[in-house]
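**Student:** coords please:
(2 chains)
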Amino acid sequence: MPSNFIHDFIDEDIAEGGQYEGRTVHTRFPPEPNGYLHIGHAKAIYIDFGTAAKYNGICNLRMDDTNPAREEVEYVEAIKEDVNWLGYDWGDRFFYASDYFEDMYQFAVELIEKGLAFVCELTPEEIRETRGTLTEPGKNSPYRDRPIEENLDLFKRMRAGEFEDGKMTLRAKIDMSSGNINMRDPVIYRIAHEHHHRTGDDWCIYPMYDFAHPLEDALEGITHSLCSLEFEDHRPLYDWFIENCSVPYTPRQIEFARLNIDYTVMSKRKLRVLVEENIVSGWDDPRMPTISGLRRRGYTPQAIRNFCERIGISKVDSLVSYDFLEFCLREDLNEHALRGSAVLDPIKLIITNYPNEQKESMTVQNFPYKPELGSHEMTFSKEVWIERNDYAVDPPKKYHRLYKGNEVRLRGAYIVKCTGHIEDDDGNIIAVTAEYDPESRGGKAADGRKIRGTIHWVGTEDAVDAEVRVYDKLFSVPDPDDSDLDYHELINPNSLEVIENAKLEPWLLSKENQGNAFQFIRQGYFIEDSEDSTKEKPVFNRTVSLRETYKPNKK
RNA sequence: UGGGAUGUCGCCAAGCGGUAAGGCACGGGACUUUGACUCCCGCAUGCGUAGGUUCGAAUCCUGCCAUCCCAGCCA
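**Tutor:** Residues are numbered from 1 along each chain as shown, chains lettered A, B, ... in the order given. You can find the predicted model right below:
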């Protein structure tokens, strides 16, 4: 992991004389189990776990479940699966914020006893009104100077369930005139008669994030609590709680910029809308930036980790281009995906001088520059499927494919010379015709002549029909978050193209290839869909296309 | 008109007073039984801006400008 400003801080902290000299670097990834993880979380996970690993330290996985109104067990399992899939291991350190509810309650009591917290009976509206504004200070709550004994009694009764939701809160007594609004006597406990996914009905008061988080960190012995920029002005409050509660450790919060990628959104709220309005098929729709969506799309953990490493870590608000993610993906897939053939927009190529009933088995490499990965057979005969756009009646300049009179190589088979095409009564092209060179078996000309174009094909004798889903960006604008237009107007209507009758060579569906990522030669990387594909009707997702530098209109 | 941050190539991002790394994208070329991959070459007299300090400034100082975050009993 390359160095960055966070590591500079850590270096100082663990150096001789530093505040954590001799301590093991200990971080944590603390998601709230109220939605699925997305690639923005992947960056955080990479930073939290990666940093710990770099310093031979450890990283905890902790569910920040302090708000029962919106958290569910369903998400807990999904989060664990995603972190695991990304390749990170939390060992035996899987925790819940709710593990510490009793401790937190005791720390709250401590604050009350020190005269640093009070039970406030202001309504939510009144709290808002007395908080002041960005430019004006707030006003003290009339309950601010309640005697300690009374606070203690009331807080105990809050816990006992004597009061309705919203009737009272416990507030820290700090400074209503602070320029930092977070310091204006923040609420640290609210009453919520809600069933919690783990503690059930044990509690009807729940701690707020600002109070809970530093305590969770301290209780777990976290040294470096890494979070995103919006918590920067919560840090004084974080430190205030650490200082005023008798916690066993003193963690340090350091903030970094969260990840943004163009043509997509990264907030759970907005992603949820896509799911709820059926704009996508679910949280794991292959167009979603969720970890589960990327996984289903065919992204690899390695590609995502490489991406996270290369975008770097800083405090600058940035918008990383989607191209860069795709570059990292192609880079990894290029090294690992076996090569096979599929024709997405099929048209027949008839080899007129090839014997009518003849069939030949052609050997093709599974991975051209890694012969150790073996080879497989393809069935060649008089008629083969080729890509419709590999034939042109009126070819553009520098077109190295089939057009009347041009020679092209059928990859791994023969060199053929195009003789034209066949039309139906309406003038539609229904087949392309060619003559093959019997001396070129395997694709090599006996006389050594150079063949510029090589195209892929699939045998008509054994082709398997399949559905192929071709994806494009979910949004049509680079920065959906920055647009004034309605969310729905920003959706790319062509983000999914379904090809019903693609032709696949049978090897792609063989048993030993189950679940493999493939490169369909000359097209891109594909993977069988984990949800919808069946033996009767295979479905493949295009993970990402191959880089394309051919520009037919050039020159 | 408050508080907290950030501004280095189209996009990320090094740089920490000694004269602008790297990656992506882009352009050109070589190679090629994937127009892929790979390999070469090119791509900031300039570091938000205006001054100042210094032999020397992206780095230090001052002013200004721009952008982001904060007024949940959310995290």
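
**Student:** Quickly check: stretch A:37-53 near RNA strand B or not.
**Tutor:** No: interface with RNA strand B: stretch A:37-53 contributes nothing (Cβ under 7 Å from any atom of the strand), its closest point being 10.5 Å away. Yep, even glycine has a C-beta here, placed from its N, CA and C like the rest.

**Student:** give me phi/psi at residue A:301?
**Tutor:** The phi/psi pair for residue A:301 (degrees, to the nearest 10) reads phi -60, psi -40.

**Student:** That one: what's it in contact with?
**Tutor:** Taking Cβ atoms under 8 Å, 6 or more residues apart in numbering as the criterion, residue A:301 is in contact with A:85, A:86, A:87.

**Student:** what about the last one, neighbour count?
**Tutor:** As a burial measure, residue A:87 scores 14 neighbours (other Cβ atoms under 10 Å).

**Student:** and what of residue A:421?
**Tutor:** Residue A:421: 21 neighbours (other Cβ under 10 Å).

**Student:** Show me what the helix or strand containing it is packed against.
**Tutor:** Using DSSP states H and E, residue A:421 falls within strand A:415-423. When contacts are defined as 3 or more Cβ pairs under 8 Å, 6 or more residues apart in numbering; DSSP states H and E, strand A:415-423 sits against strand A:346-351, strand A:407-410, strand A:429-436.

**Student:** Okay, angle between the last one and strand A:415-423 too, please.
**Tutor:** Here strand A:429-436 runs at 150 degrees with respect to strand A:415-423, directions being taken by axes from the mean of the first three to the mean of the last three Cα atoms, to 10 degrees.

**Student:** Does the helix or strand following strand A:429-436 reach RNA strand B?
**Tutor:** Following strand A:429-436 in sequence order, the next helix or strand is strand A:453-455 (DSSP H and E). Yes: interface with RNA strand B: strand A:453-455 contributes A:453, A:454, A:455 (Cβ under 7 Å from any atom of the strand).

**Student:** Can you tell me, leaving aside adjacent residues, what's nearest to the last one?
**Tutor:** Using Cβ to Cβ, 6 or more residues apart in numbering and skipping residues adjacent in sequence, the residue nearest residue A:455 is residue A:390, 4.6 Å away.

**Student:** One more: the first one?
**Tutor:** Closest residue to residue A:453 apart from its sequence neighbours, by Cβ to Cβ, 6+ apart: residue A:400 at 3.5 Å.

**Student:** Repeat that for residue A:417.
**Tutor:** residue A:407 (4.9 Å).

**Student:** What about RNA strand B: which of the contacts of residue A:301 touch it?
**Tutor:** Among the contacts of residue A:301, no residue lies close to RNA strand B (Cβ under 7 Å from any atom of the strand).

**Student:** near RNA strand B, which residues of the stretch 51-200 of chain A show up?
**Tutor:** Contacts of the stretch 51-200 of chain A with RNA strand B, taken as Cβ under 7 Å from any atom of the strand, map to A:64, A:66-67, A:69-70, A:122-124, A:127-128, A:131, A:133-135, A:165-169, A:179-182, A:186-187, A:190-192.

**Student:** Give me the subset of those residues lying in strands.
**Tutor:** Those of these mapping onto strands are A:169, A:187, A:190, A:191, per DSSP state E.

**Student:** rewinding a little: could you export the contacts of residue A:301 as CSV, including secondary structure?
**Tutor:** Shown next, in CSV, are the contacts of residue A:301 (DSSP: H, G, I helix; E, B strand; the rest coil):
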residue, secondary structure
A:85, helix
A:86, coil
A:87, coil
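
**Student:** of those, closest to RNA strand B?
**Tutor:** Nearest to RNA strand B out of these is residue A:86 (Cβ to the nearest atom of the strand; 19.1 Å).

**Student:** ok, now which ones touch that closest one?
**Tutor:** Counting by Cβ under 8 Å, 6+ apart, residue A:86 makes contact with A:42, A:45, A:46, A:291, A:301, A:304, A:305.

**Student:** circling back: packed most tightly, which of the helices and strands packed on strand A:415-423 would that be?
**Tutor:** Of all the helices and strands packed on strand A:415-423, strand A:407-410 has the most neighbours on average by mean count of other Cβ atoms under 10 Å, namely a mean of 22.
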